[in-house]
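Colleague: Provide a 3D model corresponding to the input given below.
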Amino acid sequence: MAEVVNNENVALEEDLSEQMIIRREKLKSLQDEGKNPFEITKYDVTHLSQDAIKLFEEKEPTLAEGEEIIVRVAGRMMSRRIMGKASFAHLLDEAGKVQLYVSKNDLGEEDYAGFKKWDIGDIIGVEGALFRTRTGEVSIHAKSAVLLSKSLRPLPEKYHGLTNQEQRYRQRYVDLIVNPEVKDTFYKRSQILKEIRNYLDSKGFLEVDTPILVPMEIGASARPFKTHHNTLDLDMTLRIETELYLKRLIVGGMHKVYEVGRIFRNEGMDTKHNPEFTSIELYQAFTDYYGMMDLVEELYKLLAEKVCGSTVITYQGTEIDMGNWERLTMVEAVKKYAGVDYNDWASDEDAREVAKKLHVEVADDATKGRVLIEIFDAYVEEKLIQPTFIYDYPVENSPLAKRKPENPAFTERFEYFINATEYGNAFSELNDPIDQKGRFEYQVELKLKEEPDSKAEVDYDYVTALEYGMPPTGGLGFGIDRLVMLLTDSASIRDVLLFPTMKPLADN
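Modeller: Sure thing, here's the model as predicted:
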């Protein structure tokens, strides 16, 4: 009868500290015998588990009698069944699992006895011949087995696993071991970034890096993290965007640039927000926000096809057609979903009265543009399930976008929404230094009114850059994390961050 040797999983009530003591004692015995696994510096691996299995399946029909395919694999031992003089085990590497057949006859009495003392979770290396068991599973018949690293902590219990969501985020290294589907999310994240870079590079964009530590707090609404540079004796902030540096490069004649960058905002946390996140910002000279719309639509279709195999994807039970995008001005969207028309408002006071009837709270001095924004937030965003561009934003909340020549109350700006969530933001970039200076100063004035202790300043150097002349430019920024959530059907931003921001535990 097969003996299941998986002592750390035998009883949920078992004291883990006792298991840790047992494992340390085993390590001490190995060290006393001159077999310290931590002294091993290298193991030559010839195949990943799935590559080895695929190789055997391809070669099996033509293998001559007695012919063997020898492979060397390494990974974590995830299970083991000892049946007297032979054992079956499963080895997990970055590609998946492969079954091992280990016997006393092949390893020898001493090495086989040592193998039986190894623990689930230990890192091992195995050399052997590929074969197919009577049950049809491609396996490795071990000729030698080496303990490469000792696991001093038991893995979570086999049938219950690491299911506590917060613990999974805190101990992502364990999560990756025991929940294989988690790896797939992060492999897809890497694939998404690769495909975005490939797409932009193919369009002639140049990837660049700009400073993370910046010498001033700008007037934007996002709250920064603050630090101090000791050598310069200078207060600094972590960047809340990459925009102003990238547009300096447009001024300098680098006409297609992008940056994949970490952004830091000292604000709230929820399923869609983390204090540090990854964004892509890109800028292209001699185009406008319509050019950016076309780019977004083409890129997102491509990503859906490459990552998900189809432009029609499912996110949290909702079918999303990434191949079909609607385009609405903000005025059109508010009229469609809230039933009120901005063009009927004769004055700011009229607009405030409309907001009152719709039970939308606005400031006593709110302008028509500000009222339009508030009604949009209250009535429209939640309706935007299928991919939708909302464009032509009021100038009140678009300090970096170019005004529409035919209607200066609005700007050439769009945001795009999927499943009632904003995914990106784009402008026809403001390149008038006089207008930009005035908007910056107004933005800082409002910030200081709201937060008297704020250190917000106007970035006059950026204004100086614009005074040298910036060509007409289209700009776009979007968050990678939300995009990965969408394409991997992940409910929370923490599911797509390897190490999300967490409050330290009290006993830490």
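Colleague: What distance do you get for residue 172 to residue 105?
Modeller: Distance from residue 172 to residue 105, counting by C-beta to C-beta, to the nearest Å: 41 Å. Heads up, the C-betas are built off the backbone N, CA and C, glycines and all.
Colleague: So which of those two has more stuff around it?
Modeller: Comparing residue 172 with residue 105 by other C-beta atoms under 10 Å, the one with more neighbours is residue 172, at 19 against 9.
Colleague: what's near enough to touch the more buried one?
Modeller: Counting by C-beta atoms under 8 Å, 6 or more residues apart in numbering, residue 172 touches 182, 498-499.
Colleague: same question, residue 123
Modeller: 37, 74-77, 147-151.
Colleague: Now neighbour count, pLDDT and distance to residue 188 too, for the contacts of residue 172, in TSV please.
Modeller: What follows is those, written out as TSV (neighbours: other C-beta atoms under 10 Å; pLDDT from 0 to 100; distance: C-beta to C-beta, whole Å):
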residue	neighbour count	pLDDT	distance to residue 188
182	17	93	11
498	14	96	13
499	11	95	17
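Colleague: Mind putting those residues into a markdown table with secondary structure?
Modeller: Formatted as a markdown table, these follow (DSSP: H, G, I helix; E, B strand; the rest coil):
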| residue | secondary structure |
| --- | --- |
| 182 | helix |
| 498 | coil |
| 499 | coil |
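Colleague: Go through those and say which is closest to residue 217.
Modeller: Comparing the contacts of residue 172 against residue 217 with C-beta to C-beta picks out residue 499 as the nearest, at 26.5 Å.
Colleague: Which pLDDT value belongs to the nearest residue in space to that closest one that is not next to it in sequence?
Modeller: In this structure, residue 499 finds its nearest non-sequential neighbour in residue 172, 5.9 Å apart by C-beta to C-beta, 6 or more residues apart in numbering. With respect to pLDDT, residue 172 has a value of 93.
Colleague: And for residue 400?
Modeller: Turning to residue 400, the model gives it a pLDDT of 80.
Colleague: Next, the contact list for the nearest residue to it once chain neighbours are set aside, please.
Modeller: Closest residue to residue 400 apart from its sequence neighbours, by C-beta to C-beta, 6+ apart: residue 430 at 5.5 Å. Contact analysis of residue 430 by C-beta under 8 Å, 6+ apart lists 399-403, 436, 439.
Colleague: check contacts around residue 104.
Modeller: The contact partners of residue 104, taken as C-beta under 8 Å, 6+ apart, are 85-86, 112.
Colleague: Against residue 399, how distant is it?
Modeller: Counting by C-beta to C-beta, the gap from residue 104 to residue 399 is 75 Å.
Colleague: Repeat that for residue 307.
Modeller: From residue 307 to residue 399 the distance is 34 Å (C-beta to C-beta).
Colleague: Same question for residue 255.
Modeller: With distances taken as C-beta to C-beta, residue 255 is found 23 Å from residue 399.
Colleague: For these two, indicate the residue with more neighbours.
Modeller: Comparing residue 255 with residue 399 by other C-beta under 10 Å, the one with more neighbours is residue 399, at 20 against 17.
Colleague: Secondary structure class of that one, three-state.
Modeller: Following three-state DSSP, we place residue 399 in the coil state.
Colleague: element containing residue 298?
Modeller: Using DSSP states H and E, residue 298 maps to helix 289-303.
Colleague: so what does that helix touch, helix or strand wise?
Modeller: Counting contacts by 3 or more C-beta pairs under 8 Å, 6 or more residues apart in numbering; DSSP states H and E, helix 289-303 is packed against helix 180-202, strand 388-394, strand 407-418, strand 421-428, strand 473-479.
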